[in-house]
Structures are given as C-alpha cells and as structure tokens.
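Sequence and predicted structure are below.
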Amino acid sequence: MSFHSQTSQPKTGKASRPTQVTVQSLLRKKQQGEKLVTLTCYDYTTAKILDQAGVDLLLVGDSLAMTVLGHTDTLSVTMDEMLHHTKAVSRGCERALVVGDMPFMSYQIDHARAIENAGRFLQEGRAHAVKLEGASPFMVSVIDHLVQAGIPVIGHLGFTPQSVNTLGGFKIQGKTIEDAQKILNDALLLQSAGVGALVLEMVPHPVASIISQQLRIPTIGIGSGNGCDGQILVIDDLLGRYQDLKPRFVRQYLNSSDLVTQAVQQYQADIQHGRYPDNELEAYPFPDKVFDKAPELLFQAICGEEPAAFYD
Ligand code: KIV
C-alpha cells in the first residue's frame with residue numbers, strides 16, 4: 001500500500017456522499033428500462049473500486065467458498081466467514097447495495113434461525129439485503145418471515161449452487177417446458193412473498209427473457225442471457241483470477257492471472273538484481289545529513305566501532 005497516494009478530503013466543503021442504491025431504486029431502474037450492473041465482491045479494496053466504478057449491487061456471494069477459500073463448491077462456507085467478508089465489503093461501499101448471501105444451513109433449519117442469521121448480515125455485516133436460494137413452500141415462508149421482519153430479500157432460482165448435490169452437478173435448469181413453467185411459477189411465488197429482485201442462474205435465455213417480462217421485480221441473470229433486467233458475474237471470473245472453472249457464460253475482461261504473474265516475476269528479478277528498492281525513491285534517508293558523505297561515521301556512531309569493511 002502506498003501511503004503517499006492517500007487522498008485527503010478537500011479543505012473547502014464536505015465531499016458529498018453518492019446516493020445509496022436501494023431495493024426500490026433497482027425496481028425503478030427496471031421500470032425505466034435501465035439494466036442493473038451487479039457483481040460479486042469479497043473484500044474492502046475491491047468493494048471500493050467497484051463502488052466508485054458505479055456498480056449498482058455488490059453480492060458477497062457464498063461463491064467466496066470457492067474463489068477465496070478454495071473449496072470445490074459453496075457448501076462449506078460458514079456464517080462467520082460470510083460475515084467477516086460482508087463487513088469488509090460494506091466498509092468499502094458508499095453507493096452500492098450490499099447483499100449478503102445466506103450460506104448453506106443458515107436458513108434451511110427453521111424460521112427463527114433464518115431470521116437471526118439474516119439479521120446478523122444487516123446488523124453486524126452492515127449489508128442492505130440478503131439473498132437465499134430456492135422457492136419450496138418452506139423457503140417461501142422463510143422469505144415471508146424475513147420480509148415481515150424488515151429484511152429485504154433477493155431470491156435465486158434456476159441453478160442453485162447450494163443444491164448441487166440434489167441437481168446432480170453444475171447443470172442448466174429449465175430445459176423442458178415443464179421445468180421452465182416450474183421456474184416461472186416459483187419466480188411468481190417469490191415475487192408474491194416480497195423478494196426485491198431475483199437472480200436467475202443458468203436458465204436458457206428465451207426462458208429467462210419470458211420470466212423477466214412476466215415479473216414486476218427485476219431479474220439479475222448469470223448464464224441466462226441478455227433478456228434479464230441486469231447481470232451478475234463472479235468478480236474473479238470477470239478479472240480472470242479464478243482458474244478452476246470456466247463456465248460458457250463468463251466473459252473475461254482482464255487476464256489478471258497473467259498480469260499478476262508478470263508483475264511478480266518482474267518484482268523477483270528486480271530484487272535479485274538489486275533494482276528494488278531504489279534508495280533514492282523507495283527508502284528513507286537518515287535525517288542527519290552530516291553522515292551522507294561519510295557512512296562509516298554513521299556505522300561508528302551506531303555500533304561504537306569502526307566498520308571492518310573500511311579497513312579492507
Ligand atoms: O454466490 C454467488 O456468487 C452467487 C452468484 C453466482 C449469483 O450466488
């Protein structure tokens with residue numbers, strides 16, 4: 001981190017805080033035909049960059065189990081781990097809506113635990129909403145309880161990663177008329193239960209378009225085509241950092257793995273060849289200039305003896 005690059009507030013007048021994105025403003029965007037720009041995010045520094053770039057919504061996705069923690073699916077991440085990252089993302093955001101993704105088993109057991117855990121995302125994590133997967137009758141009743149408790153909820157249908165074992169792998173959903181109808185009916189149920197927006201993951205694009213047209217609330221697609229009201233990608237996929245999986249729908253905007261490798265190799269070469277750090281620019285001089293021209297005197301002053309090297 002460069003301490004020199006820290007900016008200070010202008011001396012005259014306060015910097016104005018950008019207008020906070022809300023679940024209501026997401027809905028207004030849909031009504032005005034404006035697409036929602038959303039991404040996952042897991043840390044403070046990235047959150048600050050994405051927030052300032054104008055991303056509408058940052059999802060602290062349970063995908064962090066895979067991208068940050070190195071698990072093979074999303075099931076192992078805990079409430080405490082999710083909260084740890086949600087707090088960091090919230091600290092980096094002034095404008096974006098921060099959504100905490102409720103991890104596996106934090107909302108499936110009973111209503112009380114679901115409300116308590118969702119509440120922790122808002123109270124401790126400073127998120128503005130939570131996301132949870134599915135539309136079973138139990139899940140719809142959980143959503144109903146959360147909404148009544150004043151907790152904004154985002155739904156998630158199509159491929160729901162926490163059900164990877166039930167779905168038999170990372171598979172496209174809604175490929176038959178019956179399955180597509182089921183997703184549409186579930187989407188309508190979630191809308192009635194009060195979700196503010198709906199993630200549609202890996203649904204054939206014509207199906208996702210129809211669902212988006214049928215809903216009043218905005219849909220946020222991932223692998224579901226451009227008929228959705230907005231899009232989300234995992235930030236590590238967009239930046240080309242996560243190498244373990246590369247789904248068809250990912251568009252990689254940066255090859256940061258290669259760029260990081262090149263930068264680190266350059267750093268390594270600079271250290272090995274004595275080019276880093278440059279003492280004139282990247283180190284601190286001794287304040288007393290008297291010693292500048294006679295470093296042996298500084299050695300003597302500090303060590304109490306003359307440096308052996310000067311006798312060689
Ligand atoms: O956890 C996650 O990253 C998600 C997105 C894929 C929507 O749920």
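Noted; the coordinates are in hand.

mind listing the helices for this protein?
23-31, 44-53, 64-67, 79-92, 111-123, 137-148, 164-167, 177-193, 205-214, 235-238, 256-272, 295-303 (DSSP state H).

Looking at the ones you listed, which is nearest to the ligand?
Nearest of the helices of the chain to the ligand, taken as C-beta to the nearest ligand atom: helix 64-67 at 7.3 Å. For glycine as for every other residue, the C-beta is placed from the backbone atoms N, C-alpha and C.

Other residues contacting that closest one?
Here helix 64-67 makes contact (C-beta atoms under 8 Å, 6 or more residues apart in numbering) with 40, 42, 71-77, 81-82, 85, 103, 234-236, 241-242, 244-245.

Residue 134 is in contact with residue 160, isn't it?
Yes - Residue 134 lies in contact with residue 160 (C-beta atoms under 8 Å); the separation is 5.7 Å.

Around the ligand, pick out the residues from this protein.
Contact residues, the chain versus the ligand (C-beta under 6 Å from any ligand atom): 40, 59, 61, 62, 63, 101, 199, 201, 222, 232, 234.

now those residues as CSV including pLDDT and neighbour count?
Converted to CSV, the residues of the chain next to the ligand look like this (pLDDT from 0 to 100; neighbours: other C-beta atoms under 10 Å):
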residue, pLDDT, neighbour count
40, 98, 26
59, 98, 29
61, 98, 29
62, 98, 28
63, 97, 23
101, 98, 29
199, 98, 27
201, 98, 23
222, 98, 26
232, 98, 25
234, 98, 23
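
just those now: which is nearest residue 143?
residue 199 (13.5 Å; C-beta to C-beta).

Quick one: neighbours of the nearest residue to residue 175 once chain neighbours are set aside, just the number.
Of all residues not flanking residue 175 in the chain, residue 204 sits nearest, at 6.3 Å (C-beta to C-beta, 6 or more residues apart in numbering). For residue 204, the count of nearby residues is 19 (other C-beta atoms under 10 Å).

With residue 47 instead?
For residue 47, the neighbour count with other C-beta under 10 Å is 26.

Do I have it right that it meets residue 87?
No - counting by C-beta under 8 Å, residue 87 is not a contact partner of residue 47; they are 10.6 Å apart.

of the helices of the chain, which approaches residue 156 most closely?
For those, distance to residue 156 was read as C-beta to C-beta. The smallest value, 9.0 Å, belongs to helix 177-193.

can you list the residues that contact that closest one?
For helix 177-193, the external contacting residues (C-beta under 8 Å, 6+ apart) are 135, 140, 143-144, 147, 153, 155, 157-158, 173-174, 198, 200, 203-204, 207, 210-211, 214-217, 219.

Can you tell me which residue sits nearest the middle of this structure?
For the chain, the residue nearest the mean C-alpha position is residue 41 (1.0 Å; C-alpha atoms, centre = their mean).

pretty sure that one is touching residue 235, no?
Yes - at 5.7 Å, residue 41 counts as touching residue 235 under the criterion of C-beta under 8 Å.

show me what contacts the closest residue to the ligand within the chain?
Residue nearest to the ligand within the chain (C-beta to the nearest ligand atom): residue 61, separated by 2.5 Å. Applying C-beta under 8 Å, 6+ apart, we find residue 61 in contact with 40, 42, 74, 101, 234.

now do 7 Å
40, 101, 234 (C-beta atoms under 7 Å, 6 or more residues apart in numbering).

Residue 22 now?
Counting by C-beta under 7 Å, 6+ apart, residue 22 touches residue 97.

got the contact list for the residue nearest to residue 175?
Contacts for residue 204 (C-beta under 7 Å, 6+ apart) come out as 172, 174, 175.

ok, back up a step: what remains of the contacts of helix 177-193 if I keep only buried residues?
With burial judged by 16 or more other C-beta atoms under 10 Å, the buried subset of the contacts of helix 177-193 is 135, 140, 143, 153, 155, 157-158, 173-174, 198, 200, 203-204, 207, 210-211, 215, 217, 219.

And for residue 259, the neighbour number?
Using other C-beta under 10 Å, residue 259 has 13 neighbouring residues.

Also residue 285?
The number of residues packed near residue 285 is 10, by other C-beta under 10 Å.

And it, how far from residue 307?
Distance, residue 285 to residue 307, by C-beta to C-beta, to the nearest Å: 19 Å.

cool, and residue 180?
Applying C-beta to C-beta to residue 180 and residue 307 gives a distance of 81 Å.

out of those two, which sits in the more crowded spot?
Taking neighbours as other C-beta under 10 Å, residue 180 and residue 307 compare with residue 180 leading, 19 against 14.

Output the below-cut-off pLDDT ranges for the chain.
Residue ranges of the chain with pLDDT under 70: 1-14, 309-312.

The same query, at a cut-off of 50, please.
Low-confidence segments of the chain (pLDDT under 50): 1-10, 311-312.
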